[in-house]
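Undergrad: pasted the sequence and its predicted model underneath.
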Amino acid sequence: MWSGEYSFVLRNLIEKDFKVRYRNMSLGILWSLLNPLIMMGVLTFVFTQIFRNSNVTNFPIFVLCGMVPLSFFQIAWVSGTTSLLENAAMIKKIPVPRQVFPIASVFSNCLHLIIQVGLLLGIVVVFGRGVNVYWLWLPVLWGLEIVFVIGLTLAFSAVNVYIRDTRYVVESANTVLFWLVPVFYSFSVIPARYHEIYQFNPVAALVLMMRTILLDGQAPSMHTLSLLFLVSVIMLWAGLAIFARLTKGFYEHL
Amino acid sequence: MTVLEFQHVSKAFPRVKGQQLLRTHIVRWFGEGRKQEDFYALKDVSFRMQEGESLAIVGRNGAGKSTLLGLAAGLTNPTEGHVHRTGRVGPLLELGSGFHPDLTGAENLMLNAALLGLSRKQTKGAVEEIVEYSGLGEFINEPLRTYSSGMVVRLGFSVAIRIDPDILIIDEILAVGDAAFQEKCRQTIDSFVRAGKSLLFVSHSSGKVREMCKRAIWLDHGAVMMDGDVSDVLDAYEGREVLNNQV
């Protein structure tokens, strides 16, 4: 009954987010660069000066490979979770398919992501190992990560309509995630019995594979990659299914 | 041809006190004794609307008018009964609800057109006409927060009318614009109905209702009190209101 164009709606919603966000920031896009650089500086200081971590070389790049995927994941998850409530006025008045709101919210965070990945790759080219053929895997890895986040966000945004505390659960989970994703420690220090389960965490899997490609100059582990693929596709399917089920009550609960 | 049909439609809303918190859900799961009763905004409503018909819904605040429009527009499904719809619905409910104050009129126009279901091509082709119709002139490139409420409605109506619906659903939106624009809207809507499209209309101004519609339904506490010729229904409704106010 709604006969519009999904791509046109998504593009307009994403553009809206960009324009609104950057018109209200005097430093604009610079914030997207500053944030990971500051975190990189602080973590490098702490873990090379205070807690010495001798088995990692090139710690700044090492940390940035962790921070960039994690911060994208955190921001996209939180803002996607609240996207339906923020757009409640539209949802109650315009019969547009509601899936577009969380999906657009994830995509509009991709601008941050592109800037930060650009920063990371720039630093690797200048201070690290430089470009190698395995970089061709990077778009695939990021694509899977985005698929995963969209699935996750669809599910959480729908639940958040019914249970408004969901947002705070997500925020707490994000804090925990900083410690459970190998941002400032390497995979090799994790006890072997946790290895398998660690790779099921898609953010951790992405961080590991980014390091393999950018720091070691090797192809990502096919085992980890197939786990990431599996987890992302299942999450997207589950997210769509949960959303479709819960969407029936949005009008009453918003 | 019937374009819209309500068959014994009831719509319940959960009675939620304040916000929807985790606590509320836990209490509901475990506290069997304190089960909350749903609130019925519509009770067993049935009617049919034909092609080319103009139908008004009248009633006091909270009578279920907006819920009825929401169901007609497909924003939500009935709790009981069925809503059948043929053709494209143009819901002009609270114009500009998708607008963002920091975007310009032109940017909001694109966004709103996309949300309402216009394609990229249709929107590109219609931008000039929409701006022209709205009469906003150079203000179209100013941020929306500088607009008066009348200007917001002008823009909202100009976009929404572009989707060329088979059923036009209008909820008390024309009260804000100035007399000239209201007249322009009235003429546009009139030409719609003359072209064989249908109109579902809610307004508290009985003058407007008489002017725009031939048939009216009077809702009270979610139930249909009367369905018939607009002047009969309005006379009965207004007579009752006068009585109520005297008591």
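TA: Everything's here; your move. Numbers count the residues shown, from 1 in each chain, chains lettered A, B, ... in the order given.

Undergrad: in space, what's closest to residue 66 - neighbours in sequence excluded?
TA: Assuming you mean chain A. Excluding the flanking residues, the one nearest A:Gly66 by CB to CB, 6 or more residues apart in numbering or on different chains is A:Val183, at 3.3 Å. Yep, even glycine has a C-beta here, placed from its N, CA and C like the rest.

Undergrad: hmm, no, I was thinking of chain B.
TA: B:Asp171 (6.3 Å).

Undergrad: and the one you found, its phi and psi?
TA: Dihedral pair for B:Asp171: phi -120, psi 90, per degrees, to the nearest 10.

Undergrad: which bits of the stretch 1-150 of chain A sit near chain B?
TA: Applying CB under 8 Å from any CB of the partner chain, we find that the stretch 1-150 of chain A lies next to chain B at A:1-5, A:7-9, A:11-13, A:15-16, A:19-20, A:23-24, A:89-96.

Undergrad: again, 7 Å this time
TA: Contact residues, the stretch 1-150 of chain A versus chain B (CB under 7 Å from any CB of the partner chain): A:1-5, A:8-9, A:12, A:16, A:19-20, A:23, A:89-90, A:92-96.

Undergrad: now go through those residues and say which are in helices.
TA: Members of the residues of the stretch 1-150 of chain A next to chain B lying in helices (criterion: DSSP state H): A:8-9, A:12, A:16, A:19-20, A:23, A:89-90.

Undergrad: residue contacts, residue 206?
TA: Since no chain was named, I'll use chain A. Each residue near A:Leu206 by CB atoms under 7 Å, 6 or more residues apart in numbering or on different chains is listed here: A:69, A:141, A:145, A:228.

Undergrad: wait, I meant chain B there
TA: With CB under 7 Å, 6+ apart, B:Ser206 has these contacts: B:234, B:238.

Undergrad: and it, how far from B:Asn61?
TA: Distance, B:Ser206 to B:Asn61, by CB to CB, to the nearest Å: 15 Å.

Undergrad: got it, and B:Thr104?
TA: 35 Å.

Undergrad: which ones among the contacts of A:Leu206 map onto helices?
TA: Members of the contacts of A:Leu206 lying in helices (criterion: DSSP H): A:69, A:141, A:145, A:228.

Undergrad: list the buried ones in stretch A:55-70?
TA: Buried residues in stretch A:55-70, counting neighbours by 16 or more other CB atoms under 10 Å in any protein chain shown, are found at A:56, A:58-70.

Undergrad: contacting residues around it?
TA: Contact with stretch A:55-70 is made by A:36, A:39-40, A:43-44, A:47-48, A:53, A:116-117, A:120, A:123-124, A:127-128, A:145, A:177-178, A:181-184, A:186, A:203, A:206-207, A:210-211, A:214-215, as judged by CB under 7 Å, 6+ apart.

Undergrad: residues contacting residue 229?
TA: With no chain named, the answer covers chain A. A:Leu144.

Undergrad: the chain in question should be chain B.
TA: Contacts for B:Asp229 (CB under 7 Å, 6+ apart) come out as B:Arg215.

Undergrad: and with 6 Å instead?
TA: If you count contacts by CB atoms under 6 Å, 6 or more residues apart in numbering or on different chains, B:Asp229 has none.

Undergrad: following the worst-scoring helix or strand of chain B on mean pLDDT, which helix or strand shows up next?
TA: Lowest by mean pLDDT, DSSP states H and E among the helices and strands of chain B is helix B:22-30, with a mean of 71. Reading on from helix B:22-30 to the C-terminus, the next helix or strand found by DSSP states H and E is strand B:39-50.

Undergrad: from the contact counts, what lies against the next helix or strand after that following strand?
TA: From strand B:39-50 onward toward the C-terminus, using DSSP H and E, the following helix or strand is strand B:54-58. Here strand B:54-58 touches strand B:198-202, strand B:215-220, going by 3 or more CB pairs under 6 Å, 6 or more residues apart in numbering or on different chains; DSSP states H and E.

Undergrad: next, the angle from the first one to strand B:215-220.
TA: Strand B:198-202 runs at 30 degrees relative to strand B:215-220, counting by axes from the mean of the first three to the mean of the last three CA atoms, to 10 degrees.

Undergrad: then strand B:198-202 to PDB, C-alphas only?
TA: C-alpha atoms of strand B:198-202 as PDB (Å, rounded to 0.1, in the frame of the first residue of the first chain):
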ATOM      1  CA  SER B 198     -12.800  10.100  -2.100                       C
ATOM      2  CA  LEU B 199     -12.400  12.300   0.900                       C
ATOM      3  CA  LEU B 200     -12.300  11.400   4.600                       C
ATOM      4  CA  PHE B 201     -12.400  14.500   6.600                       C
ATOM      5  CA  VAL B 202     -12.200  15.500  10.300                       C
END
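
Undergrad: ok, residues contacting that strand?
TA: B:3, B:49, B:53-57, B:65, B:72, B:167-172, B:193, B:212-213.

Undergrad: which other residues reach stretch A:243-254?
TA: Residues outside stretch A:243-254 that contact it (CB under 6 Å, 6+ apart) are A:88, A:91-92, A:98, A:154, A:158, A:161-162, B:13, B:75-76.

Undergrad: now the strands for chain B?
TA: Ranges of strands in chain B, per DSSP state E, are B:2-13, B:39-50, B:54-58, B:80-85, B:89-93, B:167-171, B:198-202, B:215-220, B:223-229.
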